[in-house]
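1. Fold the stuff below for me.
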Amino acid sequence: MDNFKKELILLNMVPGLGCIRLKALIDELGDPCNIFKAPVKKLKSIRGISTQIAEAIKGAYSDYNVDKEAELITRTGVKVITLFDKEYPECLKAIYDPPILLYIKGDFRKEDELSVAIVGSRKCTYYGLSMAEKIASELVSHRIVIVSGLARGIDTAAHKGAIKNKGRTIAVLGNGLSHVYPAENKELAEHISHNGILVSEFPMETKPYKQNFPRRNRIISALSKGVLVVEAAQRSGALITADFALEQGRDVFAVPGMADRFSSNGTNALIKQGAKLVESADDILEELGIGGGEPANKDTGLHPFADSCEENIFNILSETPCDIDTIIAKLEMQAQQAKLMLLNMEMKGTIKQLPGKLYVRG
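-> You can find the predicted model right below:
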């Protein structure tokens, strides 16, 4: 890792600095090395830099272990790309406050330019989960990449819908890439890193603090042509993502919900305010000017079992929901093995997961 990138990583670790202030420092002083060499008085003369931030920059080398951060990046197979690298997405570079650097696991590709974000409530209904998964699956069949935030609920269903239909998906995290939040999505994150990208602007060991998620949401919308909201209450992170989408000139879509459901208040309000009502992927394809036609990833409907363990799991399940503990007990499996096999079977469509970690046949 060259010194330029390493010093940007260190600056990104300074609390309170942020991408706008850091960009102002770079515009004024150029190379990050010059930022660290500049006296406090000079730093304070730059827009947005307080005495506290200037002193934090001067003490960064002693306060933050950038060598440990670099070693962790290498050991976990993560890459760091900066605003000044050619791999940095142009759509993200164009917004008001692009991250100065991104931690990524996977690679950005040309096809990622045609992406749609699917976001929504963590506390969602089965209807919401089904719609998110169905629409994601339909969109990837037309080579559209699905962007979401790896959160419980709608985000998870969107990622799974994309993978299930052999599509590509991008997960933007509100924490560092050294761990996965929520923990139950560890296997899903591993799938995504091999079939898409995990993205974060936060240092590797950053925890999922509440204040990180609005920053995460602006990246989700920026990487997309449009944002689809599936189930969201009136005060919801998904609506923050929709607001960012409007600010960034992206389309906003919403799936209508039942009028008396709390989880539908936000989406129904978006439709009243002019968001395009979406009942299927065709509504999004029409708005994006993409014809329906024959799906590129047409599903044959054949989902063979990988081994006898998968077949045994399938035989235990029925139309009646079954919890994971029952599956583990009946088959005398290790919990981690069962979780991985259940995820693999979800991806193939042989089973479905319902809220509460309950499973039924697909």
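2. In contact with residue 339, which residues?
-> 184, 187, 324 (CB atoms under 8 Å, 6 or more residues apart in numbering). From N, CA and C alone the C-beta is placed, and that goes for glycine too.
3. quick one: contacts for the first one?
-> Taking CB under 8 Å, 6+ apart as the definition of contact, the neighbours of residue 184 are 152, 339, 357.
4. out of these, who's nearest residue 85?
-> residue 152 (32.5 Å; CB to CB).
5. Can you report phi and psi for the nearest residue to the closest one once chain neighbours are set aside?
-> Distances taken as CB to CB, 6 or more residues apart in numbering place residue 122 nearest to residue 152, at 4.4 Å, with adjacent residues excluded. Per-residue torsions, residue 122: phi -70, psi -40 (degrees, to the nearest 10).
6. neighbours around residue 122, how many?
-> Using other CB atoms under 10 Å, residue 122 has 17 other residues around it.
7. Distance-wise, check it relative to residue 212.
-> 15 Å (CB to CB, to the nearest Å).
8. got it, and residue 12?
-> 13 Å.
9. cool, residue 180 as well?
-> For residue 180, the distance to residue 212 - CB to CB - is 14 Å.
10. Which residue ranges of the stretch 51-200 of the chain form strands?
-> In the stretch 51-200 of the chain, strands defined by DSSP state E, counting those that start in this stretch lie at 79-82, 101-106, 115-120, 145-148, 169-172, 196-200, listed in chain order.
11. that older thread, quick one: contacts for the residue nearest to residue 152?
-> 151, 152, 153, 154, 155.
12. if you set the cut-off to 6 Å instead, what comes out?
-> 151, 152, 153 (CB atoms under 6 Å, 6 or more residues apart in numbering).
13. Mind pulling up the pLDDT for it?
-> pLDDT for residue 122: 89.
14. Check the gap between it and residue 263 for me.
-> Counting by CB to CB - residue 122 and residue 263 are separated by 10 Å.
15. can you list the weak-confidence ranges in the stretch 201-350 of the chain?
-> Applying pLDDT under 70 to the stretch 201-350 of the chain flags the ranges 291-304, 306.
16. picking that back up, the more surrounded of residue 12 and residue 212?
-> Neighbour count, other CB under 10 Å: between residue 12 and residue 212, residue 12 has more, with 23 against 19.
17. any idea how far residue 60 is from the more buried one?
-> Taking CB to CB, one finds residue 12 at 10 Å from residue 60.
18. Who does residue 360 form a beta bridge with?
-> residue 352 (DSSP bridges).
19. Residue 353 is in contact with that one, correct?
-> No. With contact defined as CB atoms under 6 Å, residue 360 does not reach residue 353; the gap is 8.4 Å.
20. So between those two, which is more surrounded?
-> Taking other CB under 10 Å, residue 360 and residue 353 do not tie; residue 353 has more neighbours (21 against 14).
21. so who does that one touch?
-> By CB under 6 Å, 6+ apart, the neighbours of residue 353 are 346, 359.
22. 10 Å instead?
-> For residue 353, the contact set (CB atoms under 10 Å, 6 or more residues apart in numbering) comprises 129, 133, 156-157, 160, 321, 324, 342-343, 345-346, 359-360, 362.
23. Write a PyMOL command that selects only the buried members of the residues you listed.
-> Here is the PyMOL command that selects the buried residues among the contacts of residue 353 (16 or more other CB atoms under 10 Å):
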select buried, resi 129+133+156+157+160+321+324+342+343+345+346+359
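24. All the helices of the stretch 101-250 of the chain, in order from the start?
-> Ranges of helices within the stretch 101-250 of the chain are 126-140, 154-164, 186-195, 212-222, 237-247, based on DSSP state H, counting those that start in this stretch.
25. Can you tell me which of those is most buried?
-> Mean neighbours per residue, mean count of other CB atoms under 10 Å, is largest over the helices of the stretch 101-250 of the chain for helix 154-164, with a mean of 28.
26. tilt between that helix and strand 115-120?
-> 140 degrees (axes from the mean of the first three to the mean of the last three CA atoms, to 10 degrees).
27. then helix 154-164 to PDB, C-alphas only?
-> Below are the C-alpha coordinates for helix 154-164, written out as PDB (Å, rounded to 0.1, in the frame of the first residue of the first chain):
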ATOM      1  CA  ILE A 154     -36.400  -5.900   3.400                       C
ATOM      2  CA  ASP A 155     -32.600  -5.400   2.700                       C
ATOM      3  CA  THR A 156     -31.900  -9.000   3.400                       C
ATOM      4  CA  ALA A 157     -34.800 -10.200   1.200                       C
ATOM      5  CA  ALA A 158     -33.600  -8.000  -1.700                       C
ATOM      6  CA  HIS A 159     -30.000  -9.400  -1.600                       C
ATOM      7  CA  LYS A 160     -31.400 -12.900  -1.400                       C
ATOM      8  CA  GLY A 161     -33.700 -12.300  -4.300                       C
ATOM      9  CA  ALA A 162     -30.800 -11.200  -6.500                       C
ATOM     10  CA  ILE A 163     -28.600 -14.100  -5.600                       C
ATOM     11  CA  LYS A 164     -31.400 -16.600  -5.900                       C
END
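28. And that helix, how far out from the chain middle?
-> In terms of CA atoms, centre = their mean, to the nearest Å, the centre of helix 154-164 is found 11 Å from the chain centre.
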